[in-house]
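Colleague: predicted model and sequence follow; I will ask about them next.
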Amino acid sequence: MRKVSLIVVLVLISAKLHAQCEIKNRVLADGTMTYYFEPADFYSTKSKSLKINIVTDKEHFFIALQPSPFPAKKEGVKIKDDLVIHLADKKVYKLTHYDTQYRHNDSVMQVLYLIDQKDIDAFSKFEAIVAEINMEGTEFVRSYDFKLHKDAIVKQLACFLKKDDK
């Protein structure tokens, strides 16, 4: 009976580790293939939340943010400012705004920020602590102190970088 329990535990652990690297893909309208993870909750209160994930075209890495509430499309497309993110290495990183998208029949807003190639190493080692986003049309700057899944960026980048090594 103990051997069966041990085997079941090992299978569950293996499945969980494999699920952490469950990379999805989609083809964009311009024909570009992108790879991504399901967004992880980084912050959540009764009034606002923030989901985050890594998106890549195998050449560049992006942080995709899904804030809620988000401005209407007319206002949201005005979001052009860069993302300021604080990592656990106590340094502040500025990510360039790349694109603002409304998806799933405009029920989800996603803002993509380009991770500078020189910062990939830091983002793959240090947890995210705080993000500051200029949310045009809602507030001047929204600041999120990450409470949940602070290591999501680290884990997702590790999956992508591990896949790229092969």
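Modeller: Now that the structure is in, tell me what you want to look at.

Colleague: use CA for all of it now, contacts and neighbours both
Modeller: Noted.

Colleague: quick one, strands of this structure?
Modeller: Ranges of strands within the chain are 24-27, 33-36, 40-44, 49-56, 61-68, 83-87, 92-103, 108-114, 128-133, 142-145, based on DSSP state E.

Colleague: what's the spatially most central residue of the chain in contact with, if anything?
Modeller: With distances taken as C-alpha atoms, centre = their mean, residue 53 lies nearest the centre of the chain, 1.9 Å away. Applying C-alpha atoms under 8 Å, 6 or more residues apart in numbering to residue 53 gives the contacts 36, 37, 38, 39, 40, 63, 64, 65, 152, 153, 156.

Colleague: pLDDT weak spots in this structure?
Modeller: Across the chain, the ranges flagged by pLDDT under 70 are 1-20, 135-140, 163-166.

Colleague: which strand residues bridge the residue nearest to the centre of the chain?
Modeller: Beta bridges link residue 53 to residue 64, judged by DSSP bridges.

Colleague: near residue 122, how many other residues are there?
Modeller: 15 (other C-alpha atoms under 10 Å).

Colleague: who's in contact with it?
Modeller: Contacts for residue 122 (C-alpha under 8 Å, 6+ apart) come out as residue 89.

Colleague: distance check, it against residue 36.
Modeller: 19 Å (C-alpha to C-alpha, to the nearest Å).

Colleague: ditto for residue 64
Modeller: 9 Å.

Colleague: now for these two: what residues contact both?
Modeller: 53, 54, 55.

Colleague: from the residues you listed, which single one is nearest residue 31?
Modeller: When the shared contacts of residue 64 and residue 36 are ranked by distance to residue 31 (C-alpha to C-alpha), residue 55 comes first, at 15.5 Å.
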